[in-house]
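Asker: Need a 3D model of the following:
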Amino acid sequence: MDGLVVGPDGHARCAWGGSTPDYQPYHDLEWGRRVRGDDALFERMSLEAFQSGLSWITILRKRPAFRAAFADFSIPAVAAFTERDASRLMADPGIVRNRMKVDATLHNARVAADLPDGLTTLLWSFAPEPRPRPASRADVPAITAESTALAKALKKRGFKFVGPTTAYALMQATGMVDDHLAGCFVAPEPR
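Answerer: Model prediction:
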């Protein structure tokens with residue numbers, strides 16, 4: 001059971017999913033579940049960028065404030081944000097106030113709005129073939145060939161804050177890969 005923890009409910013889950021009460025519902029119900037829809041994927045991409053250099057729990061706890069501040073991550077709405085909105089965001093104590101990340105999010109919304117086939121089609125085109133779940137935490141990569149290719153494709157189109165590590169975290173969070181450990185009670189989604 002390397003990398004697993006048994007919770008009070010008797011379920012074995014990935015150790016990080018049992019490390020704090022805030023993580024458990026995210027681990028059990030969201031992480032690794034397939035996400036489709038341009039706005040939903042834009043939210044995940046944006047939050048992964050805001051997480052860069054920080055702990056995910058910080059972003060998870062601020063997610064309701066992020067959603068309120070960024071118009072529920074509606075791509076058309078965020079793409080229309082102005083400098084006045086950027087200043088408002090920088091004054092919002094509920095979110096991470098990093099000017100480069102705020103500007104990148106507004107910029108990325110404009111890029112996403114101009115994608116001819118949409119963000120969902122672009123991101124999911126880099127999803128690898130399903131593979132067995134990792135046996136231990138040591139078997140979970142930080143980057144892969146697919147995440148490196150995705151980051152390169154996103155940067156080529158003008159996206160910011162989308163390196164290979166962030167791209168892989170996005171792939172994990174949105175079910176493009178299933179990195180729940182072998183033995184985790186969360187059932188794999190059918191392909």
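Asker: neighbours around Leu115, how many?
Answerer: For Leu115, the neighbour count with other C-beta atoms under 10 Å is 16. (Each C-beta comes from the backbone N, C-alpha and C, glycine too.)
Asker: Check whether it really touches Arg157, as I assumed.
Answerer: Yes - counting by C-beta atoms under 8 Å, Leu115 touches Arg157, with 7.2 Å between them.
Asker: Residues that sit against both of those two, list them.
Answerer: Residues touching both Leu115 and Arg157 (C-beta atoms under 8 Å, 6 or more residues apart in numbering): Leu122.
Asker: Point out where this protein drops to low pLDDT.
Answerer: 1, 191 (pLDDT under 70).
Asker: all helices for it, in order.
Answerer: 23-29, 38-51, 56-69, 75-79, 83-90, 99-113, 118-124, 145-157, 164-173 (DSSP state H).
Asker: any chance of those in TSV, plus distance to Pro130 and mean neighbour count?
Answerer: Listed next are those as TSV, based on distance: least, C-beta to C-beta, whole Å; neighbours: other C-beta atoms under 10 Å:
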stretch	distance to Pro130	mean neighbour count
helix 23-29	20	17
helix 38-51	19	22
helix 56-69	24	16
helix 75-79	28	19
helix 83-90	38	14
helix 99-113	26	19
helix 118-124	13	19
helix 145-157	12	17
helix 164-173	12	22
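Asker: wait, which of those helices is closest to His180?
Answerer: His180 lies closest to helix 23-29 among the helices of the chain, at 8.2 Å (C-beta to C-beta).
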